[in-house]
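S.K.: Sequence and predicted structure are below.
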Amino acid sequence: FITDPNVVGSEDVCVARWIAPRDGKYLVQGTFHAGDAGLNDYFIIQNGTSQLLQALNSGTDSTFKTLLTLAAGDTLDFVSGAGEDGGAGDTTPLDAVIIENPSCQQIGIYPELDWNQDCYVDIYELAVFAESWLTCNDPRNPEQCPPPTE
């Protein structure tokens with residue numbers, strides 16, 4: 001952690017910096033916890049210029065989850081500072097996880113026809129489709145067709 005009043009505004013802040021080891025996609029998720037007392041300002045800043053998260057005068061946990069495409073050497077600064085109550089001695093626990101090349105399950109976004117949510121549209125989905133096709137293949141009566149099931 002470093003204290004750098006030039007990162008955000010003129011207040012003293014605490015910064016945890018992470019540096020991308022290589023080009024790729026990264027899932028960044030976690031929580032700035034409220035800590036012991038008082039209000040806090042939270043930020044996540046990419047490469048010293050792009051603000052990915054801003055939570056001002058927060059007295060509660062601030063969670064975050066974002067998927068980023070980063071180049072080797074890009075930085076993410078996790079920044080905490082005192083809120084308007086001036087409580088400069090407040091604690092702000094940070095719980096952050098950064099996953100390189102996350103799976104669709106970790107991101108929570110699946111291919112459209114991935115009915116079993118295993119990140120692939122494969123023989124399983126084909127079998128479900130074929131079974132459904134055998135029981136319902138009349139496009140003029142779609143209400144008689146149940147949705148696919150696992």
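M.R.: Good, I have the coordinates.

S.K.: just for the chain, where's the confidence low?
M.R.: Within the chain, the set of residues satisfying pLDDT under 70 comprises 1-11, 36, 86-90, 139, 142, 144-150.

S.K.: Please name the spatially closest residue to the one residue sitting closest to the centre of it (chain neighbours excluded).
M.R.: In the chain, the C-alpha nearest the mean C-alpha coordinate belongs to Lys65, at 1.7 Å (C-alpha atoms, centre = their mean). Using C-beta to C-beta, 6 or more residues apart in numbering and skipping residues adjacent in sequence, the residue nearest Lys65 is Gln29, 4.1 Å away. (Glycine included, C-beta is placed from N, CA and C.)

S.K.: What sits closest to Ile19 if chain neighbours are left out?
M.R.: Thr75 (5.4 Å).

S.K.: The one you found reaches Gln46, doesn't it?
M.R.: Yes: at 7.1 Å, Thr75 and Gln46 qualify as touching, with contact defined as C-beta atoms under 8 Å.

S.K.: Counting neighbours, go ahead and name the busier of these two.
M.R.: Higher neighbour count among Thr75 and Gln46: Gln46, with 17 against 14, using other C-beta atoms under 10 Å.

S.K.: who's in contact with the more buried one?
M.R.: Leu52, Leu68, Leu70, Asp74, Thr75, Leu76, Asp77 (C-beta atoms under 8 Å, 6 or more residues apart in numbering).

S.K.: from those residues, which is closest to Ile109?
M.R.: Ranking these by separation from Ile109, with C-beta to C-beta as the measure, puts Leu68 on top at 14.3 Å.

S.K.: Give me the phi and psi for the closest one.
M.R.: phi -120, psi 150 (degrees, to the nearest 10).

S.K.: Contacts only, for the residue nearest to Lys65.
M.R.: Contacts of Gln29 by C-beta under 8 Å, 6+ apart are Thr63, Phe64, Lys65, Thr66, Ala96, Val97, Ile99.

S.K.: Tell me how far the residue nearest to Ile19 lies from Arg17.
M.R.: 6 Å (C-beta to C-beta, to the nearest Å).

S.K.: cool, Gly24 as well?
M.R.: 18 Å.
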